[in-house]
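Engineer: Okay, structure incoming, though there's no sequence with it:
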DNA sequence: GGAAACTAGGAAAACGATTGCCGTCACGGT
DNA sequence: ACCGTGACGGCAATCGTTTTCCTAGTTTCC
């Protein structure tokens, strides 16, 4: 298709409208004092030429590019996406565009992107990605604000927005207690993973507040279905009585669910089951559909973006901000009223 | 952290090095004729000030921004991500940065993004997303080249890169034939979905070339596990003999696998099973691990990006380009040699 | 020794848009 | 008739960089 029509410049518009460049600019931006008739004439000329002001030239003047960089540290995955989308959404609403940079867990690549973004004069940066622990700050002394989303910076002065995993775990336990379960087991991911430790500790703590404890020490393993199935085997072999399982991920929960069914235990009648992450693929495929804790990653991304915008406008929010989780109840913890 | 250090400009560098701006520019870009001593002095000054040339100002001159826009039409999902990443990778290698725009399936939003991208003077655009059918061109008469990736444009003159789904389906059937199966059933997604129809037709055709046909008409339903389980029920109730099932998605395949096991049929001994998409979550969780067809979406994204780069450099590749699929063999079709 | 040929680097004009400052015109009041 | 005052728009500087053209020096060669 007519690929070659050059971009119209404001001089083209001015010429067509029969005014000077300055006047054209004023007409289009509602500045200065111009006759209405003139404004209309200029606007019409702009429309006719399909004029779009060159953002680069404009930012040369304003010093702002209305652009931010988003760097994902690990390669983009299931967790980064919603964060990304939430941030993109919030930034788009603020008329900012987003540069996407996939760091691939490679520090060289990452530094390259930081330099590129700086040369593009982004107004700020968001760093996201999944890690087992807090990450080193992306760079010291950057001339623009940085917000870490989902992941957190090792420097406590940096602004990080992270899910309130402890709060989520507490909500899970509270829900199980609310539906009358007291003999709760916990199956979760690898112990070297910060999330697994935090969630397990919070669950234990919450139970303690009611004078209870887990029926067995937390079972640390992997985040997979396979591990969920294995863990059920361990639990059953141990002859521990339990009427609920709180799982560290929905995948684990699904494995647990399958294994329980195979062992003749009904969910939720005999064992109530709750997952973590609220990953639709798992919660829906599970039989019955799985109650879970939603990290609200999209909201987290949005919130991070809003903090970045605030920081760009001169009101930074240093420190670690915990974004609340949400309980999503489905049939794996509640016997349907029939 | 020291947020406030202004960006150094080339005049700062020039002043520090004791030369004029023009000379500084030449020194940094290896242009003009300068004494080596001068170049070194300028480079050193630049390093000292952490100078990064303002890309906006630079492109004002060159007319190129080394930037492309990526618009996802539906909200970003499991399929768009790898495409996105592949493209980002290829473009990054070409020193281009990517603007990410999430169209959310909203034409208004989409047009807004197109305008934004044009005002940012992107050198080109990639449109991606999942649809059941080809989509309308994003805009007529754009001043920059556009490549459609994964999705295809309804205008056959536009450059679209799409997976070779027919080829993939043929590979699936060929693999089943190769492992000695001839009584093949096909369970797939909704008939109104182009992919489902194309894959079913290609499978039928390929069987026909060997004088065979599906043991039953293709079972169209949904893309979910639930449908996979249901479909097995239908198949068994029909008393059709079959020794292999080709599924339209890995989720369906997993549902099929579970249902077959529940019905006492062994995979792969009694029934060989092959999925589509090669989605690790499903192929790995399946018992046994699932053979599948990989769309190579990352490669597709890369390829789309390369075509865009070529188009930007004046060599467009109009038309629809089919990107080959790959067969990934796992244990659901091959009895392990023990 | 003087003209031609280089060399190194400066000055200034782009690129596209914004904006502060001025000039000009028309009108009204005195 | 003269001055003051708005209203309207043009001019030119500015943002940061690249690039073209030019001017001093310095060689080189006859």
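Structural biologist: Arrived safely, thanks for sending. Quantities reported herein were computed from a predicted structural model and do not represent experimental measurements.

Engineer: does whichever residue of the stretch 1-150 of chain A sits closest to DNA strand D sit in a helix, a strand or a coil?
Structural biologist: At 2.7 Å from DNA strand D, residue A:22 is the closest residue in the stretch 1-150 of chain A, using Cβ to the nearest atom of the strand. Any C-beta I mention is one placed from the backbone N, CA and C, and that applies to glycine too. Of the three states, residue A:22 takes helix under DSSP: H, G, I helix; E, B strand; the rest coil.

Engineer: go on, residue A:246?
Structural biologist: Here residue A:246 takes the strand state, with states given by three-state DSSP.

Engineer: Which helix or strand contains residue A:257?
Structural biologist: For residue A:257, the element it lies in under DSSP states H and E is helix A:250-262.

Engineer: Give me the buried positions along that helix.
Structural biologist: A:250-260 (16 or more other Cβ atoms under 10 Å in any protein chain shown).

Engineer: quick one: buried residues of stretch A:153-165?
Structural biologist: A:153, A:155, A:158-165.

Engineer: One more: stretch A:308-318?
Structural biologist: A:308-309, A:311-312, A:316.

Engineer: can you redo these as TSV with secondary structure, pLDDT and distance to residue B:127?
Structural biologist: TSV is the format used below for the buried residues of stretch A:308-318 (DSSP: H, G, I helix; E, B strand; the rest coil; pLDDT from 0 to 100; distance: Cβ to Cβ, whole Å):
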residue	secondary structure	pLDDT	distance to residue B:127
A:308	helix	97	27
A:309	helix	96	28
A:311	helix	96	32
A:312	helix	94	29
A:316	coil	94	36
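
Engineer: In TSV: the residues you listed, plus distance to residue B:233.
Structural biologist: Output for the buried residues of stretch A:308-318, formatted as TSV (distance: Cβ to Cβ, whole Å):
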residue	distance to residue B:233
A:308	51
A:309	53
A:311	56
A:312	57
A:316	59
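
Engineer: can you tell me which two in those are farthest apart?
Structural biologist: When Cβ to Cβ is used, the two most widely separated members of those are A:309 and A:316, lying 10.9 Å apart.

Engineer: next helix or strand past the element among helices and strands of chain A having the smallest mean pLDDT?
Structural biologist: Counting by mean pLDDT, DSSP states H and E, chain A has its least confident helix or strand at helix A:280-285, which shows a mean of 90. Next in sequence after helix A:280-285, counting helices and strands by DSSP H and E, comes strand A:292-294.

Engineer: For that next one, which strands pair with it and how are they oriented?
Structural biologist: Strand A:292-294 has its sheet partners listed here by DSSP bridges as strand A:326-328 (antiparallel).

Engineer: Name the residues of the strand it pairs with that are buried.
Structural biologist: A:327-328.

Engineer: what does it rub up against?
Structural biologist: Counting by Cβ atoms under 8 Å, 6 or more residues apart in numbering or on different chains, strand A:326-328 makes contact with A:171-172, A:175, A:278, A:283, A:291-294, A:296, all of which sit outside it.

Engineer: Check the model's average confidence along it for me.
Structural biologist: Here strand A:326-328 scores 97 as its mean pLDDT.

Engineer: Let me know the helix or strand that residue A:207 is in.
Structural biologist: For residue A:207, the host element (DSSP H and E) is helix A:194-209.

Engineer: same for that helix, what does it pack against?
Structural biologist: Helix A:194-209 makes packing contacts with helix A:165-178, strand A:184-188 when contacts are defined by 3 or more Cβ pairs under 8 Å, 6 or more residues apart in numbering or on different chains; DSSP states H and E.

Engineer: wait, what's in contact with residue A:57?
Structural biologist: Going by Cβ under 8 Å, 6+ apart, residue A:57 touches B:56, B:60.

Engineer: Are we agreed that it is in a strand?
Structural biologist: No. Secondary structure assignment places residue A:57 outside any strand; it is helix (three-state DSSP).

Engineer: what about it, distance to residue B:124?
Structural biologist: As judged by Cβ to Cβ, to the nearest Å, residue A:57 and residue B:124 stand 20 Å apart.

Engineer: same question, residue A:96
Structural biologist: When Cβ to Cβ is applied, the distance between residue A:96 and residue B:124 equals 21 Å.

Engineer: now do residue A:330
Structural biologist: Applying Cβ to Cβ to residue A:330 and residue B:124 gives a distance of 44 Å.

Engineer: out of these two, which sits in the more crowded spot?
Structural biologist: When residue A:330 and residue B:124 are compared on other Cβ atoms under 10 Å in any protein chain shown, the one with more neighbours turns out to be residue B:124, at 22 against 19.

Engineer: Okay, and the beta partners of that one?
Structural biologist: residue B:68.

Engineer: Isn't it up against residue B:313?
Structural biologist: No. When contacts are counted by Cβ atoms under 8 Å, residue B:124 is not listed as touching residue B:313 (10.1 Å).

Engineer: what sits against residue A:125?
Structural biologist: Taking Cβ under 8 Å, 6+ apart as the definition of contact, the neighbours of residue A:125 are A:68-71, A:114, A:117, A:138, A:142, A:144-147, A:308.

Engineer: what stretches of chain A score poorly on pLDDT?
Structural biologist: In the prediction, chain A carries residues with pLDDT under 70 at positions A:1-5, A:337-338.

Engineer: Walk me through the domains of it.
Structural biologist: A:10-53, A:66-163+A:297-324, A:165-295 (automatic domain parsing).

Engineer: among these, which is nearest residue B:236?
Structural biologist: Evaluated over the domains of chain A, closeness to residue B:236 peaks at domain A:165-295, with 18.7 Å, by Cβ to Cβ.

Engineer: gap between the two ends of the closest one?
Structural biologist: Distance between the two ends of domain A:165-295: 8 Å, counting by Cα to Cα, to the nearest Å.

Engineer: if we can go back for a sec, now, among the buried residues of stretch A:153-165, which is nearest to residue A:324?
Structural biologist: The shortest distance between residue A:324 and any of the buried residues of stretch A:153-165, using Cβ to Cβ, involves residue A:164 and amounts to 5.2 Å.

Engineer: The closest one is in contact with residue A:320, isn't it?
Structural biologist: No. Shown here, residue A:164 and residue A:320 do not form a contact pair, counting by Cβ under 8 Å, at 10.4 Å.
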